[in-house]
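> what would the 3D arrangement of this be:
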Amino acid sequence: MNTAQKDIAALIGSRICHDLISPLGAIGNGVELLGMAGTVDGPEMELINESVMNANARIRYFRIAFGAARSGQMIGREEILSVLKDVGAGSRVQVDWSSEDQVLREQVKLAFLLIQCFESALPYGGKIIVKQFGESWTLQCTAENIKIDPSVWEFLVSANVNKEISPAEVHFALVPDAAKSAGRNLRTELQDYAITLTF
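Reported below is the predicted structural model:
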């Protein structure tokens, strides 16, 4: 895939997320108005409200992870924490994020893709810690039961992996290009109860 094609893929991701945020927001507002009017209540309304909130959170996350990130573009820590809080609501995987107030979007994009890689290895839940130390980043996940598919994790360190990737694993395949765009070298350490990634 050449540079132009990779840029187009990221722009498509941004466009899809952008076009979905508005209608989802409108649905959320409509649900809120119905709740305030008291015309609809009960577990059905609660389920709809939770589903809309979850969809909104996912779209915001995907916009950063799969969307375009221009060189030098920044994103605030408060926005990052808001996205992680909303997408982690009710999840068995909790993310502890520590960074500077303003972070390069390319680096956040890479970190968000790596968080998804962690999530793939935590089917029963766990904890993810993300820390920025000046120019360096360390991400670590811990759990009593970590599921590691070596053939998929190989995507993070090698450009020549002979494996068909599934839609559920696409974030693994996107990591090398995201790291290259951010000008970072990724290092991995896989253990039975912890995975550590640094860039």
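> can you give me the helices for this structure?
3-37, 43-66, 77-87, 105-120, 150-153, 170-181 (DSSP state H).
> buried ones in the third one?
For helix 77-87, burial by neighbour count (16 or more other CB atoms under 10 Å) applies to 77, 80, 83-84, 87. Heads up, the C-betas are built off the backbone N, CA and C, glycines and all.
> tell me which of the helices of the chain sits nearest to residue 143.
helix 105-120 (9.3 Å; CB to CB).
> give me the pLDDT for residue 58.
You'll see residue 58 listed with a pLDDT of 88.
> now for the residue nearest to it when sequence neighbours are not counted: which residues touch it?
Spatial nearest neighbour of residue 58, chain neighbours left out: residue 87 (6.2 Å); criterion: CB to CB, 6 or more residues apart in numbering. Neighbour list for residue 87: 54, 57-58, 60-61 [criterion: CB atoms under 8 Å, 6 or more residues apart in numbering].
> residue 87 and residue 101, how far apart?
Using CB to CB, to the nearest Å, residue 87 is found at 21 Å from residue 101.
> give me the below-cutoff pLDDT ranges for this protein.
1-11, 14, 17, 23, 38-41, 159 (pLDDT under 70).
> quick check: domain ranges of it?
1-68, 74-199 (automatic domain parsing).
> okay, the ones you listed, which one's buried deepest?
domain 74-199 (a mean of 16; mean count of other CB atoms under 10 Å).
> for that domain, measure first residue to last.
End-to-end distance for domain 74-199, by CA to CA, to the nearest Å: 18 Å.
> residue 138 and residue 195 touch, don't they?
No: using CB atoms under 8 Å, residue 138 makes no contact with residue 195, being 11.4 Å away.
> got CSV for the helices of the chain, with distance to residue 163 too?
Listed next are these as CSV, based on distance: least, CB to CB, whole Å:
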stretch, distance to residue 163
helix 3-37, 19
helix 43-66, 20
helix 77-87, 27
helix 105-120, 14
helix 150-153, 5
helix 170-181, 9
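> who wins for proximity to residue 142 among the ones you listed?
That would be helix 105-120 among the helices of the chain, by CB to CB, at 9.8 Å.
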